[in-house]
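Novice: What follows is a protein structure lacking sequence information:
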């Protein structure tokens, strides 16, 4: 995703796009339109939390399972609303849960496993966002790109 990855677990990834105030930028919705673009409140900073859930059919085949996972994402996201302020966030399911271990599409065991992993995801994100950032170009790299930059630095030109 274009936004930086803030946190990852075995099954989930949390992406964050910081919504910065853009001075005097109000793109229109089309030629001759005087209406401002509504997507993400362009030109203004929202104080409320923005959270989306992306649960692809590839990783959760049954609709019941996808909806149960989305409900857990939004429930855990509500608990961590202070972390989500001033940014657009997406929690993405990046791997499927074992169907042999969780036979029922919407079992209590699956819901508790999803909830525990989401708690871990948001706790790691809170620690990462609370840590002081070093100055310079290194501060802007999303999670996972630090090791790629280090590997490329050692390569011969």
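Specialist: It's in. Just so you know, these numbers come straight off a predicted model, no measurement behind them.

Novice: model confidence over stretch 72-89, on average?
Specialist: Taken as a whole, stretch 72-89 carries a mean pLDDT of 87.

Novice: any idea where the strands of this protein begin and end?
Specialist: Listed in chain order, the strands of the chain (DSSP state E) span residues 4-8, 12-18, 50-54, 87-93.

Novice: Pull up the pairing partners for the second one, direction included.
Specialist: Paired neighbours of strand 12-18 in the sheet (DSSP bridges): strand 4-8 (antiparallel), strand 87-93 (antiparallel).

Novice: just the third one next, same as before
Specialist: Sheet pairing of strand 50-54 (DSSP bridges) gives strand 87-93 (parallel).

Novice: what does the strand it pairs with contact?
Specialist: 1, 3, 6, 11-19, 40, 49-56, 59-60, 69, 73, 77, 118, 121 (C-beta atoms under 8 Å, 6 or more residues apart in numbering). Every residue, glycine included, has its C-beta placed from N, CA and C.

Novice: With stretch 57-69 instead?
Specialist: Outside stretch 57-69, the residues that reach it (C-beta under 8 Å, 6+ apart) are 11, 53, 55, 93-97, 105-106, 110-111, 114.
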